[in-house]
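Asks: Take this sequence and fold it.
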Amino acid sequence: MKKWIALIMAALFPQALWAADIQATLQWSQRVELSTPVSGVVQEVNVEVGDKVNKGQILLSLDSTAYQARADESRSEITRLNAEAEEDKRELDRVTELHERTVVSTTELDQARLKLVRSQSALSEAHARLRQNQKALDDASIRAPFDAVVVLRQAEPGLSVAAGLQPQMLLTLARSGEMIARMHLSSPQIDKLKTGQTVSVSVAGISYTGKIKTLGLESINTKDGSVYPVDVVFPSKEPLRSGASALVKLP
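Replies: Numbers count the residues shown, from 1 in each chain. Predicted structure coming up:
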């Protein structure tokens with residue numbers, strides 16, 4: 001009799017509905033593939049797979065000799081044009097004073113004004129070129145966008161990198177100190193949860209306190225029926241691997 005009752009209860013209420021622990025798979029909370037928007041030859045790669053890096057740290061550098069030269073050239077041009085603009089301003093002040101004393105004609109005053117406008121315009125264009133050249137120089141180095149761990153290295157010194165519509169991936173990073181446990185739940189299970197809710201995540205016998213980050217809206221068809229992805233984010237100082245198994249204890 002008890003066996004029949006158990007079978008009826010299992011049919012009416014799927015086992016996963018009352019399960020305290022739900023199987024999950026670890027995922028990176030944030031993963032980025034990095035490249036350079038400029039072309040060049042890789043000069044240095046400063047990291048290896050598994051290295052922890054800090055936000056702003058230089059991870060890879062191209063040979064930037066040409067980019068540095070263009071930036072230096074732009075600065076020299078700005079120095080020259082700035083001196084010319086200052087001279088044209090002094091000349092305009094002198095011609096304006098003479099015009100007020102009716103010593104020079106209005107035509108000469110207009111010419112002095114036009115000359116200053118042209119020199120100031122040339123100076124503005126030189127500043128724009130410097131910004132472009134400095135941006136290219138900065139882009140010749142890859143910096144960590146956030147505190148992370150290096151999960152893939154696809155570059156070595158001497159590698160030629162060609163910027164284009166399909167950037168060449170050189171390094172892959174994952175955010176450090178934070179992981180996601182992804183599980184799949186049925187509609188009755190997911191309806192009992194809400195984002196921000198605290199749950200427990202267990203990985204290799206170690207327990208972590210996490211929070212529900214997302215509740216899936218689009219179902220996935222499996223052999224056991226339709227389920228929805230649910231992501232739990234949790235902090236972790238220990239090095240964990242994407243794809244590893246975890247258990248999430250539902251409230």
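
Asks: Could you list the low-pLDDT ranges of the stretch 1-150 of the chain?
Replies: Scanning the stretch 1-150 of the chain for pLDDT under 70 picks out the ranges 1-20.

Asks: what about 90?
Replies: The model of the stretch 1-150 of the chain has pLDDT under 90 over residues 1-21, 102-104.

Asks: Show me where it has its helices.
Replies: 2-12, 15-18, 65-100, 106-139 (DSSP state H, counting those that start in this stretch).

Asks: Could I get those in TSV, plus columns for mean neighbour count?
Replies: The C-beta positions use only the backbone N, C-alpha and C, and glycine is treated the same way. Listed next are these as TSV, based on neighbours: other CB atoms under 10 Å:
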stretch	mean neighbour count
helix 2-12	9
helix 15-18	12
helix 65-100	15
helix 106-139	15
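
Asks: Nearest to Asp191 among those helices would be which one?
Replies: helix 15-18 (10.8 Å; CB to CB).

Asks: Where do the domain boundaries of this protein fall?
Replies: 19-30+176-249, 32-62+142-174, 65-139 (automatic domain parsing).

Asks: Met183: neighbouring residues, count only.
Replies: Residues lying near Met183 (other CB atoms under 10 Å) number 25.

Asks: Settle this for me: it is touching Asp21, isn't it.
Replies: No. Using CB atoms under 8 Å, Met183 makes no contact with Asp21, being 10.0 Å away.

Asks: anything in contact with each of the two?
Replies: Common neighbours of Met183 and Asp21 (criterion: CB atoms under 8 Å, 6 or more residues apart in numbering): Val248.

Asks: Any figure for the gap between Asp110 and Val104?
Replies: Relative to Val104, Asp110 is positioned 11 Å away (CB to CB, to the nearest Å).

Asks: ok, back up a step: could I get the helices of the stretch 1-150 of the chain as JSON lines with distance to Leu247?
Replies: Converted to JSON lines, the helices of the stretch 1-150 of the chain look like this (distance: least, CB to CB, whole Å):
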{"stretch": "helix 2-12", "distance to Leu247": "21"}
{"stretch": "helix 15-18", "distance to Leu247": "13"}
{"stretch": "helix 65-100", "distance to Leu247": "51"}
{"stretch": "helix 106-139", "distance to Leu247": "44"}
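
Asks: out of those helices, nearest to Val199?
Replies: Closest to Val199 of the helices of the stretch 1-150 of the chain is helix 15-18 (CB to CB; 15.2 Å).
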